[in-house]
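Undergrad: What follows is a predicted protein model with its sequence.
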Amino acid sequence: MPDKPILYLEDYLQTLIEACRSGQPLPDLKPLADLLGGYKSSGLKVSSNLIKTGAGYFGGVIILTDGTNAGTVTVYDNKNELSDKVIWAVAVGANLCRETFPLKPIRFSNGCNAELSGSGASYIVYFI
């Protein structure tokens, strides 16, 4: 963990990657939300989840694996039996972390759902 405040997105992401690789606790998520202009964090999720109801903006996702299994997170605009509009997807191999952020926020109209596949994977979604 850094001894000084994290001031830049790149610093935060590097700290997160180092924590993942070394098995250290994840750093505080608040600095990243501040750097992303007020985005909210879903918190660390280990299964598929409804992230937000209603309209909003998807700001990015971080996926972490357990060191043995690969993982995939697919983010939908209101995934249900009638609609499954994919707004973002990211896959990562075993023993890796991957952070992905679109250049511009992606609007969703009917709620933001994240679907996780892969045993032992976890993720964090950023949204407004």
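TA: Yep, that arrived. Just so it is clear, the model here is predicted, and its values are computed rather than measured. Numbering: from 1, shown residues only.

Undergrad: Make sure residue 124 is actually in contact with residue 51.
TA: No - with contacts counted by Cβ atoms under 8 Å, residue 124 stays clear of residue 51, the gap being 10.0 Å. Quick note: C-beta positions are derived from backbone N, CA and C, even for glycine.

Undergrad: where do the contact lists of the two overlap?
TA: The contact sets of residue 124 and residue 51 overlap at residue 42 (Cβ atoms under 8 Å, 6 or more residues apart in numbering).

Undergrad: higher neighbour count, those two?
TA: Each of residue 124 and residue 51 has its neighbours counted (other Cβ atoms under 10 Å); residue 51 has more, 24 against 21.

Undergrad: What separation do you get for that one and residue 114?
TA: Distance, residue 51 to residue 114, using Cβ to Cβ, to the nearest Å: 5 Å.

Undergrad: ok, which stretches of the protein are strands?
TA: 40-41, 49-52, 56-64, 71-77, 85-92, 97-100, 106-108, 112-117, 122-127 (DSSP state E).

Undergrad: And the contacts of the fifth one?
TA: By that I understand strand 85-92. So strand 85-92 is contacted by 58, 61, 63-65, 70-78, 98, 100, 102, 106, 108, 112, 121 (Cβ under 8 Å, 6+ apart).
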